[in-house]
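Enquirer: Sequence unavailable; structure follows:
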DNA sequence: TCAGCACTGTTATGCGTCATAACAAACACG
DNA sequence: CGTGTTTGTTATGACGCATAACAGTGCTGA
């Protein structure tokens, strides 16, 4: 580690000094520049020399802020998770609490939009590890992923609490899934997804929703659906998530306004 | 291009000479070795020097067979598409034609299994382009993708022909989707997916199935579901695809034996 | 005030990789 | 057996990551 706070236990009260603020700004600029380059080229690759040149520095100077490529990548991945989580949570919370159906639609749409607008970051967090990148075990990326996924779980939790969740239409013959879920982690506070526990069948429904939305978003983000016009993709996606929500036992959206803003 | 057949129009009848066979074998060995390295490291990266060393050659010799890294990558991508297509078709055709429900289950399971067993190849074809790789426009990869996706479409086509396909439960308010589909490409022979045309609502159902299976497969292949035991993943996946098949209007599978073999 | 030190940047350098050039051996074939 | 193609080699150039050694800046405390 290079650019971290002194030690995790050394008086976190102290306000950031002038130097620390400058340093943080530079760290941020480096990450922004790296993301800009990646977006431009459409790949998860970048060159230190390019970043440095764009910032009016020389390449070795960057090593004052990140120990190596991996540390910079880790930072970018954490940021991406956080950004996705924020985008999803923000879209969700624009819809009133008493309309879980519409809240889910908002989550699904923002997830998809984020993937489409930020395919590189989407790949960064949901793709195969970047060549040469070794993810830190149990590191900050795992934690960031939990936070992001918690947003979807929260939605189902609220709906379940409100008692508006119908039993999902998903088969669970002999209660195998419920059994396994109950057995391995308590009433389903999975280690990968933060948040309060939800009943097994709701958890199953949540996964169903997630994989569906994720699948469409991934295919679209990487250009595998480009042969259909966006209008059609939009219509098909909306139809899909409506259906998925119904299967999951979520109530019909009350306010049926798609929150398009582009 | 370097290692291609002489010209696409020069007497394709001639049987492969001894040298041509040797060359083809070497090309294949290179690809195998490259894939081995990628699998080992779990990334889509490889070094010419490593491949050469494993083959008992020096790196520049590889340029006799592939013009550059991109050409080798293109070969690997095409192979991956073909292999996925074959795996899916083979699994599907093990199930009798008169059992489309079970045929879909077989397709979904083989798709998922392939992704899990070959995450690198899955990333190669369904992920963001490999750093530095520029896909040839309208090239062999696009064509290979069409062939692979045609396998799923064929399944729906057969079921539709047999008249056992119920109308899918997918909303299409005002027939927007059907309209757009009809408008943009005839009765839905999409440019991205080969095969005979199918009715719009069937096409929509097919996409729904695909994105769902793909989403789960992708999440699992990249380790995002590793926090649940495989037993549970299996159960949840099977439950999901059953539900998806039902939504898509496919009949219940008759022979309900999951074709596990590992 | 000014000496000392931490911080941030530079140039110089080593190593590994992609890719090409120039050359040598092996092979097919008239 | 001799000639041209094929397939391999070594030598070389360009470039990127990363470290080392060094220089300028500004905070800090006797």
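Expert: Thanks, I have the structure now. Please read all numbers here as calculations on a predicted model, not as lab measurements.
Enquirer: is chain B contacted by the worst-scoring helix or strand of chain A on mean pLDDT?
Expert: Taking mean pLDDT, DSSP states H and E as the measure, the helix or strand of chain A with the lowest value is helix A:176-184, at a mean of 86. Yes: using Cβ under 8 Å from any Cβ of the partner chain, we find that helix A:176-184 touches chain B at A:176, A:177, A:180, A:181, A:184. The way it works is simple: take the backbone N, C-alpha and C, and place the C-beta from them, glycine included.
Enquirer: Identify the residues contacting the second one.
Expert: Shown in contact with residue A:177 (Cβ atoms under 8 Å, 6 or more residues apart in numbering or on different chains): A:200, A:201, A:204, B:232, B:235, B:236, B:239.
Enquirer: can you pull the contacts of the residue lying closest to it once chain neighbours are set aside?
Expert: Once flanking residues are discounted, residue A:177 sits nearest to residue B:235: 4.8 Å by Cβ to Cβ, 6 or more residues apart in numbering or on different chains. Taking Cβ under 8 Å, 6+ apart as the definition of contact, the neighbours of residue B:235 are A:172, A:176, A:177, A:180.
Enquirer: repeat that for 10 Å
Expert: By Cβ atoms under 10 Å, 6 or more residues apart in numbering or on different chains, the residues touching residue B:235 are A:171-174, A:176-181, A:204, B:228-229.
Enquirer: Taking the contacts of residue A:177, tell me the two that lie furthest apart.
Expert: Between any two of those, the greatest separation by Cβ to Cβ is 13.5 Å, found for A:201 and B:232.
Enquirer: Tell me where the stretch 151-262 of chain A has helices.
Expert: Chain-ordered helices for the stretch 151-262 of chain A, with DSSP state H, counting those that start in this stretch as the definition, fall at A:176-184, A:200-221, A:230-248.
Enquirer: so which of those gets nearest residue A:38?
Expert: Taking Cβ to Cβ as the criterion, residue A:38 comes closest to helix A:200-221 out of these, the separation being 13.8 Å.
Enquirer: Between helix B:230-248 and that closest one, find me the angle.
Expert: For helix A:200-221 against helix B:230-248, the angle between stretch directions is 70 degrees (axes from the mean of the first three to the mean of the last three Cα atoms, to 10 degrees).
Enquirer: Next, the angle helix A:176-184 makes with helix A:200-221.
Expert: Following the same axes, to 10 degrees, one obtains 100 degrees for the angle between helix A:200-221 and helix A:176-184.
Enquirer: What is the distance between helix A:200-221 and the centre of its chain?
Expert: Between the centre of helix A:200-221 and the centre of its chain there are 13 Å (Cα atoms, centre = their mean, to the nearest Å).
Enquirer: Now do that helix: which elements does it pack against?
Expert: Other helices and strands packing on helix A:200-221, by 3 or more Cβ pairs under 10 Å, 6 or more residues apart in numbering or on different chains; DSSP states H and E, are helix A:100-117, helix A:119-126, helix A:140-162, helix A:176-184, helix A:230-248, helix B:200-221, helix B:230-248.
Enquirer: Now the fifth one: average pLDDT?
Expert: In this model, helix A:230-248 has an average pLDDT of 96.
Enquirer: mind showing which ranges of the stretch 151-262 of chain A have poor pLDDT?
Expert: Flagging of the stretch 151-262 of chain A using pLDDT under 70 yields the residue ranges A:185-192, A:255-262.
Enquirer: Looking at it, what residue ends up closest to chain B?
Expert: Per Cβ to the nearest Cβ, residue A:215 is where the stretch 151-262 of chain A lies closest to chain B, at 2.4 Å.
Enquirer: What sits closest to that residue if chain neighbours are left out?
Expert: For residue A:215, ignoring the flanking residues on the chain, the nearest one in space by Cβ to Cβ, 6+ apart is residue B:215 at 2.4 Å.
Enquirer: need the contact list for the one you found.
Expert: Neighbour list for residue B:215: A:207-219, B:240 [criterion: Cβ under 10 Å, 6+ apart].
Enquirer: Now render these as CSV, adding distance to DNA strand D.
Expert: As requested, the contacts of residue B:215 are exported to CSV (distance: Cβ to the nearest atom of the strand, whole Å):
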residue, distance to DNA strand D
A:207, 36
A:208, 40
A:209, 39
A:210, 34
A:211, 34
A:212, 37
A:213, 34
A:214, 30
A:215, 33
A:216, 33
A:217, 29
A:218, 27
A:219, 30
B:240, 40
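Enquirer: In the residues you listed, find the pair that's most separated.
Expert: Looking across those, with Cβ to Cβ as the criterion, the two at the greatest separation are A:207 and A:219, at 18.3 Å.
Enquirer: Around residue A:79, how many other residues sit close by?
Expert: Neighbouring residues of residue A:79 were enumerated by other Cβ atoms under 10 Å in any protein chain shown; the total is 18.
Enquirer: For the nearest residue to it once chain neighbours are set aside, give its distance to residue A:243.
Expert: Excluding the flanking residues, the one nearest residue A:79 by Cβ to Cβ, 6+ apart is residue A:31, at 6.4 Å. For residue A:31, the distance to residue A:243 (Cβ to Cβ, to the nearest Å) stands at 38 Å.
Enquirer: got it, and residue A:49?
Expert: Using Cβ to Cβ, one gets 49 Å for the distance from residue A:49 to residue A:243.
Enquirer: So which residue is dead centre in chain A?
Expert: Among the residues of chain A, residue A:84 comes closest to the average C-alpha position under Cα atoms, centre = their mean, at 3.9 Å.
Enquirer: For that residue, what is the enclosing helix or strand?
Expert: Using DSSP states H and E, residue A:84 sits within helix A:69-93.
Enquirer: Kindly report the same for residue A:129.
Expert: Assigned by DSSP H and E, residue A:129 belongs to no helix or strand.
Enquirer: Backbone dihedrals for it, both of them.
Expert: Torsion angles at residue A:129 (phi, psi; degrees, to the nearest 10) stand at phi -50, psi 140.
Enquirer: Give me the helices and strands touching the host helix or strand of residue A:53, please.
Expert: Here residue A:53 sits within helix A:48-54, counting by DSSP H and E. The elements that helix A:48-54 packs onto, with contact taken as 3+ Cβ pairs under 10 Å, 6+ apart, are helix A:18-41, helix A:69-93.
Enquirer: change it to 7 Å
Expert: Under the contact criterion of 3 or more Cβ pairs under 7 Å, 6 or more residues apart in numbering or on different chains; DSSP states H and E, the helices and strands touching helix A:48-54 comprise helix A:18-41.
Enquirer: Show me how far the helix it packs on is from its chain's centre.
Expert: Here the centre of helix A:18-41 is set off from its chain's centre by 21 Å, with Cα atoms, centre = their mean.
Enquirer: could you give the angle of it to helix A:69-93?
Expert: 80 degrees.
Enquirer: Now helix A:18-41: buried residues?
Expert: Neighbour-count burial for helix A:18-41, with 16 or more other Cβ atoms under 10 Å in any protein chain shown as criterion, is recorded at A:26, A:27, A:30, A:31, A:33, A:34, A:35, A:37, A:38, A:41.
Enquirer: a markdown table for these, including pLDDT and distance to residue B:66?
Expert: Listed next are these as a markdown table, based on pLDDT from 0 to 100; distance: Cβ to Cβ, whole Å:
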| residue | pLDDT | distance to residue B:66 |
| --- | --- | --- |
| A:26 | 97 | 42 |
| A:27 | 98 | 40 |
| A:30 | 98 | 35 |
| A:31 | 98 | 35 |
| A:33 | 98 | 33 |
| A:34 | 98 | 30 |
| A:35 | 98 | 32 |
| A:37 | 97 | 27 |
| A:38 | 96 | 26 |
| A:41 | 93 | 22 |
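Enquirer: could you pick out which of those are near DNA strand D?
Expert: Applying Cβ under 7 Å from any atom of the strand to those, one finds that nothing falls near DNA strand D.
Enquirer: from those, which two are the most distant?
Expert: Spatially, the most separated pair among the buried residues of helix A:18-41 is A:26 and A:41, at 22.8 Å (Cβ to Cβ).
Enquirer: Quick check: residues of chain A near DNA strand C?
Expert: A:19, A:22, A:23, A:26, A:52, A:56, A:57, A:58, A:60, A:61, A:64, A:65.
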